[in-house]
Every structure is written in structure tokens, then in C-alpha cells.
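Q: Fold the following.
(chains A and B)
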Amino acid sequence: MAAPAVKQDPLEARLSTLSAPKGAAWAEEARAEARSRLAASGLPGRRDEYWKFTDPTSLNQPDAPRAAVFATDEAMPFSDVDRLKIVFVDGVFDAEASDDLSMAGVEIERLSDALNRDIHWARDLFGVLEERGQTPVVRPHAALNTAFASDGIVIHATGRAPKPISLIYLHKSEASDAMLHHLVKVEPGAEVTVLENGPAAARFSKVTEVEVADTGRFHHVRAQGRDHERRASTHMFARLGANATYKSFTLTVNGVLTRNEQVVELVGDDSTVHIAGAAVGDAAYGAFHHDDTVFVTHDAVNCESRQVFKKVMRNGAEGVFQGKILVKPDAQKTDGYQISQSLLLDDDSVFQAKPELEIYADDVQCSHGSTTGAIDEDALFYLRSRGVPEDIATDLMVLAFLAEAIEEIEDEGLRADILARLQGWLDRRRG
Amino acid sequence: MSAVETEVREGVDRETVETVQAMGGKYKYGWETEIEMDYAPKGVNESIVRLISEKNGEPEWMTDWRMQAFKRWKLMAEPEWAMVHYPPIDYQDQYYYAKPKSMAEKPKSLDEVDPKLLATYEKLGIPLKEQMILAGVEGADEAPAEGRKVAVDAVFDSVSVGTTFQKELEEAGVIFCSISEAIQKHPELVKKYLGSVVPITDNFFATLNSAVFSDGSFVYVPPGVRCPMELSTYFRINAENTGQFERTLIIADKGSYVSYLEGCTAPQRDTHQLHAAVVELVALEDAEIKYSTVQNWYPGDEEGRGGIYNFVTKRADCRGDRSKVMWTQVETGSAITWKYPSCILRGNDSQGEFYSIAIANNMQQADTGTKMVHLGKNTKSRIVSKGISAGKAQNTYRGLVSMHPKAKNGRNYTQCDSLLIGDQCGAHTVPYIEVKNNSARVEHEATTSKVDDDQLFYCRQRGMDEEQAVALVVNGFCKEVLQALPMEFAMEAQQLVAISLEGSVG
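A: Numbers count the residues shown, from 1 in each chain, chains lettered A, B, ... in the order given. This next block holds a predicted model:
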């Protein structure tokens, strides 16, 4: 025990650069509990089953690896959408750049404000879903976030929000290491849409805890990208009551490392969860590694879950999908569906997948599919024989391939916006 | 009403409860042969490893090989990643070597084999002696044989008791004998191939096997030879508290073909028994190996008492171009099954296939699947896995499909279907897919469902009773795999599927 440490423990090293934020007694307690969860689990390593395909080293290390700010005059996503803007610069709330936080049907405040109040509903949510999401698989970066994130946004939807709440993450400093923690509570019958976009920081850690009460509806559309050297580890933890809806879509382009985890628990009957993602990676502009890790737990009767993930990889880009549907005993009449597909545009690109089913109820319909392959030569030939140049034909097929995931976005305007992003990205690469 | 209180809804579930109660008496091979055994002392240590080697009269290189494995094993930890749960195994509380006393002097032919032993195999439906006589009779070759001939190597606890049809096989140039005999008679082949597919450092159970394996089968098919009959090994665990560690090595030289069958049974006991086998297959250029298993070790009773812990490492190396290996397995027995017959597709244009039916009932736990590692160009693999869970059993498919950067035009198709019978069992799918080149095409599909009500209704409408209807549906569910089995096993497997599920359905 007394042997001198040759190498500092990675967790110790990480913690040495962080200081615990102050808050109300209950908030400090929640953070202390998160710290002990983290102490128990340690930081993930390459040998951990859930990090088999993604190297967590750069997410673990004390200082964020530097990331250049990508200069572009391209408009940010959702620019044409009528929305309530909330801006964070390198992980810090920017009141001036943000809209006024008041809106009918929702109460919005800063996390630090909510966590400073002795009595606040956030007490029942902050760190609570994150903790539930730690079993059966530990998610140390999420616990780290709960323990140390000081900023974020707290949304309480009590009615139907008239327009989406748009979280914009700007990246200005090359060495920024940002941590944000959001809370969303959707009351019965309420409905809210949350948009997220922007590179956020050189290294970005984000946790969102979403509680959707009976008959509540939560929509989420995210566009991650821009900076090639950025790194992100994000978690969405959600719990759904009866007849509730949770729909999330993520578009990812660019980024040396992105790990998006979604952990959703269905505890009320007749609920619906749809999680979709489209990722296009081109490692010609710097390494690209994208990891979607999804865990859906059915713990109620007659619920539906859908996971649709599509990835297009080129020039040595790496795509990862780890998805799980867990159906607990008595979660009868479950309809679980999961598809992960990848299109590899060249020989250097990689796709690794682990689509899992764990089922303890008999009256269920669960299926998953996973395919990987190159572009269909026959289809390409068909297009070319009709005069479509090869690069345009390829892009057409890429768009067609991604369509199934993009169609998961319910709102037409948002869908069109995402499609335009994607089109723009492809066009720029075609030159 | 018994202690098993399950929610009894209509149809399926009540029947499940009944099966759970009835299954205890269903295991046909639960009896035990009273025979005097020669045991090595309990436990495993260097002197036991030496003793096993000595008892088999092995040359020094073999003893060294075992010692190396044992040294390694002491440093290893039991794997925990599988979805199986069992109390810790005391590796020192087992016998690692048990041999029928009558086998102290190796019999020259089957005629000298203890009749009790032969009776055991006859009871299991494996007529060693008759076949031997048939083979021994002059002109037997011309006599119209009843059905196809199968050469059998029978392994009783730790030792091979006899191999049939040796003469006829010898004429064809095929070597089929126990591995202990092969170490004596064909050391060059054993030295060259043993451990070349599953190295002694491979995994906890394989390493233990490398140190303490006592016997098993050895097959060598020379270039261009099509093995004239099916080869078969029949494993029987009889002695109590004895681990069985057999080692099988099959080499199909260039352009040869062999079909190999394996069957296993064990007596019904309250204590768990360990079985950790290693099977290595080597297919050289243009060679083809078919390996079929009907695994029916004692599964334990309805409370989960007793049963075999089956921790098996099976791997094939498709070393030569255009070689082909086909694994077919019907896993109905064992308290715990931990088994992943795999193919290393090294040769260009080589092919690997895996067909599996895994049935878990009562308290059984099965974690089984395959690995298809594509290294060569134009390699193909196909995986069809059917898992059926009933009672309180847990059934997991775990598999890996890996396309290496050089595996151009690799092709894989995987289909995993799970069927749940009853609301207390579990069915899980854990596939790993790693694709590192874009000319490879990988497809994976999995479904989990219960026996379809519409299909049942359709059958019942036409006058079938519920049990018949479910049997028909389940049979249809397994059909693709049953069809892949050789004739001899297909019938047995079909019956096994029926027995294993009898009453639990419909």
C-alpha cells in the first residue's frame, strides 16, 4: 500500500484539475454522491467492455487536447427556425447573446440558480436519472459531469411550448474544456422541443436528464459538427411515464471524437421512444471517430422503442454503434426495433457494431438488424448511365441511405434544416 | 400444486409450469454404470499433470507442453463476461483423471474391452461391438450394410475405450484413433498441429484443458481422400466428481473431406460436474470438414441441482485456400453451456458455416455462438442460430464477425432467432460486428418473439391439438439447422428437440 506511485492514477489526475461547485445543501450532496460513484467505478479504460471500440484516453486526461476553432462563414444550423436561443460560449452561459428566458408553457432558468435554491423540483431529477443509468453499465464520464458541471439549463415544461428551445454551443478558445448539465421536466400533457448545435469546446462533456411524465412529449434534434478537432462525450438520460413520447435525432459531421450515449427507461405503459442518428465522417480533414451507445430499458407494458442509426464513412473514418434493448420481466407486448447500418465509401473506413437484445418477457416482438457494405455498384451504374456524374450519384445514394434516420424527425421544418446541413456538407466535399 | 408458482395465463404458461415439473424425469441418459475406477488424487497441481502424462505414457515434449500450460493457467482468471451465473468452482475438489480399472492394460481390440463398458454404450444406442464384428468379418464390405457405417471412438470418463472400423479406415489412409494413441504413433502430426489453432495461452478453460486433458480423438485425412464413412466420438461422463477434459484434433489435408459427429451424455447427479474440452480443426487447401455435435449432457433437475458445466473451446482454422468448415450443433443438455465454435478464415476463398440450435429449459443457462474471423480474400461465412428458452432458462447468442482490412470481398450473413416459451425465461443476443474494409458485406438480423398466436390458431383451426401445433411451429423454427445435420444425427436431434420441450409448449 505504501509503495510510491510511479504513475498517478488517471482518476486522481483528472480530479486534481477540477473543483466542486457550490450550491444548496441537497445539490452538494447530490454532487458528493456522484463523486463517490465515480470513485467506485474509476475512469473507463480500453479494456472495459463498453469502450471496446472507442479509446477513452483523451476524454480521461486532465487537460483537454487543443482544438482549433474552425473558421467558416456558413450559417449555424436552425438559423431559419423560430426559436428561443440560449447561447453558451466554451461551456459558459452568455446572457447577452441569448434571448430572454421567459416563454409561455415553460419555465427556464440556469442550473446554478436552480441548484442554489433550498427548495426546487430539480432536487428530484439532478443526478437521479444519471445514477439510475449507471446500472448495469457504469458511465463514469456522466458521474464526473454531475459532480463538477456548474452550468447548464433547467427546463420545466408545464404546457405546450410555442417554439423550440435552442441551445447553441459556441467554441472560441482552443483549450476550452466545457461541462454542461441540463435538466428537463415535462409535465403531463406538456410538450417541448429542444434543439442543440455547435462544437461547444475543445472538449465537451454534456449530460441531459429528461423526465417525461404521463402523456408528456419531448422532442430533441441535435446537429453536432463544425470543428474537426473537437471532442465530445454526451449523455442523455430519460425516464418516461405512461403514454409519453421521447424522440431524439442527432446529425454528426466532423469531430475527432464523439461519443453519444442515450439511456432511456420506459416505466409507464403505452409509451414511445424513438432514437435516431445520422453520421457522416470524412477523415481526410482530420480523424473522425463517432460512437453511438444506446440503452433502452422496457419496464412497462405495451411500449414501443425504435433505434435507427445510419453512418457513412470515408477516408478512414470510424463509426461505432452499441445498442441495447432490455426487456424486463412483465414488460409484455413490447415492440422493440433497432437498425444500425453503415456505408463504407473506401477501404480504410471502419464500422464496428454491437447490437444487443436482452429479453425476459415472452409476449414481445423484438428485432435488430445491422448491415455494412460498400455503395451498390449496380445502382451507381444505373445513375451514371443516365448521365449523372459519379460524385453526384454517390452523394444521391448517401442521402437516400441516410433518409430512414432523418425521417425520424417529426417536424418538417427541422427535417428540412437537417437535410440542408447534410446537403451542404456533401456539396463542400465535392468542391 | 407444487412449489413452482407461476402466473398461469391461458395456454402456454400453464404448460410451461407442467414441463418444469415433468422435465426432471425426462432425461433418458441419467443412469450410471457401476464400474471400478482408477482415480488420480483429487485436485490439480504439477504432480497431477505429470501423473496424467505418465499414465498416458507420453514423451517428454508432451509433458513439457502440459507443464507450460499449467504454469500459465495458474496465472489466469476465470472469465466473467458470459451471461451465466454459477457458484465459484473449486478446481481442487475434482478428480482430473479417472479410468475404468479394466482399462489398466490397454485392450488390443474391442473383444478385450470390459463387457460392462460395451453394455454402457449399447444402452446409449451406440453398438460398438456389433459394428466391430461387422467390420471384422471377412467380406463384410460387400455385405449390404444397414444404413451408412459410422466409425466410433468412445471416450468413457478420461479414456478412450475403443475405436471401431479402424482397419477399414486405415486402408483409406485415414488415421482415426484416440489422441493418446496418436501422441505415441504419430508424434510428428500431433507436434505440428496440437495447439496450433487453440494455443495453450488461449483462455482459462482451454489452458486448463491443455494441462490436464486425458484423452480425446485424433483424425488425420491424407491429401485427396474422401473419408469413406462418418467418424464419430461418443463422450460419456460416468464417475462422480470427475472433470472431463477431452481434446480433439482433426486435420484435413489438401483436397480431403471428413464428416465428424460428436455426442455426449452423463449420469443424473445432484452435484455439478465440469467439462472443459478443446476441439481443434485444421483444413488445408480445398479440404472440407463437417463437425456436428449433439450435446446432451445431464442438464440438472428443475431446481437447477446438478448438471454439467460445459466450458468448451472449439475452433477451426481454414488454413488453405478454398477450404471449408461447417459447424452444426444441437445444444440441449448441460446446466451451463459456454461454447463458441469458431472459424479462422485464413485461406483465400475459404468458407465457414455455423448452424446452431440451443435449447434451454428449467434452470439451464446457455451462452453460445460463434466467431467468424475473415482474414483471406473472398472469404464467406454464414451463421444461423436458433435459440429456444423455456422454464426459467437463460439463452444467449454471442458472436463475432470480423472483417480484417485484407479480407477483400468478404461476405457474412448472420441470422439469430430466439423463441421464448413462458414468461420466466430470457433470450439475449450479443453480436459483435467489426468491419475494416468496404468491399466486405456484413448482414446481421435477429428477432425475438414467442410462438406466434396466428400460426397456432391456423393449425388448430385445421384440427390439430395445441401440443401438435406448437411442435409443428417449433420444428419449423429449427428447420434450417436440422437440415444441416447429417442423417444419423438429424433424427436424434429432432427427437431431442421434442423431448427437451415436451409439454412446455402449447
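
Q: contacts, neighbours, all on C-alpha from now
A: Fine.

Q: Which parts of the stretch 101-250 of chain A are helices?
A: A:111-116, A:128-132, A:140-148 (DSSP state H, counting those that start in this stretch).

Q: Among those helices, which comes closest to chain B?
A: Closest to chain B of the helices of the stretch 101-250 of chain A, according to Cα to the nearest Cα: helix A:140-148, at 19.6 Å.

Q: out of the helices of the stretch 101-250 of chain A, deepest packed?
A: helix A:140-148 (a mean of 25; mean count of other Cα atoms under 10 Å in any protein chain shown).

Q: just checking, what packs against that one?
A: helix A:25-41, helix A:128-132, strand A:177-186, strand A:203-212, strand A:231-240 (3 or more Cα pairs under 8 Å, 6 or more residues apart in numbering or on different chains; DSSP states H and E).

Q: nearest to chain B, of these?
A: Of all these, helix A:25-41 sits nearest to chain B, with 17.1 Å by Cα to the nearest Cα.

Q: Now do stretch B:425-438: distance to the chain's middle.
A: Relative to its chain's centre, stretch B:425-438 lies at 22 Å (Cα atoms, centre = their mean, to the nearest Å).

Q: can you tell if it touches chain A?
A: Yes - applying Cα under 8 Å from any Cα of the partner chain, one finds stretch B:425-438 in contact with chain A at B:425-438.

Q: would a markdown table of the residues you listed with secondary structure be doable?
A: Formatted as a markdown table, the residues of stretch B:425-438 next to chain A follow (DSSP: H, G, I helix; E, B strand; the rest coil):
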| residue | secondary structure |
| --- | --- |
| B:Cys425 | coil |
| B:Gly426 | strand |
| B:Ala427 | strand |
| B:His428 | strand |
| B:Thr429 | strand |
| B:Val430 | strand |
| B:Pro431 | strand |
| B:Tyr432 | strand |
| B:Ile433 | strand |
| B:Glu434 | strand |
| B:Val435 | strand |
| B:Lys436 | coil |
| B:Asn437 | coil |
| B:Asn438 | coil |
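
Q: Could you say which of those is surrounded by the most neighbours?
A: B:Val435 (31 neighbours; other Cα atoms under 10 Å in any protein chain shown).

Q: Beta-bridge partners for that residue, please?
A: A:Phe351, B:Met403 (DSSP bridges).

Q: hang on, isn't it packed against B:Leu400?
A: No - using Cα atoms under 8 Å, B:Val435 is not in contact with B:Leu400, being 10.7 Å away.

Q: Looking at the residues of stretch B:425-438 next to chain A, spot the one nearest A:Gly268.
A: Among those, B:Gly426 lies closest to A:Gly268 (Cα to Cα), at 21.6 Å.

Q: Enumerate the beta-bridge partners assigned to the residue nearest in space to the middle of chain A.
A: Geometric centre of chain A, nearest residue: A:Asn260, 4.1 Å, by Cα atoms, centre = their mean. Taking DSSP bridges, one obtains A:Thr234, A:Asp292 as the residues bridged to A:Asn260.

Q: I'd like the helices of the stretch 101-250 of chain A as JSON lines, with mean pLDDT and distance to A:Gly105 appended.
A: As requested, these are exported to JSON lines (pLDDT from 0 to 100; distance: least, Cα to Cα, whole Å):
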{"stretch": "helix A:111-116", "mean pLDDT": "96", "distance to A:Gly105": "18"}
{"stretch": "helix A:128-132", "mean pLDDT": "97", "distance to A:Gly105": "24"}
{"stretch": "helix A:140-148", "mean pLDDT": "97", "distance to A:Gly105": "27"}
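
Q: Same list, those helices, but as TSV with distance to B:Arg346 please.
A: Supplementary listing: the helices of the stretch 101-250 of chain A in TSV, determined by distance: least, Cα to Cα, whole Å:
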stretch	distance to B:Arg346
helix A:111-116	56
helix A:128-132	45
helix A:140-148	39
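
Q: In the chain, where is pLDDT below threshold?
A: Using chain A here. By pLDDT under 70, the low-scoring segments of chain A are A:1-8, A:431.

Q: you looked at the wrong chain, it should be chain B
A: In chain B (pLDDT under 70), the answer is B:1-28, B:31, B:102-114, B:117-118, B:120-149, B:157-162, B:487-489, B:495, B:498-506.

Q: Appreciated, that's everything.
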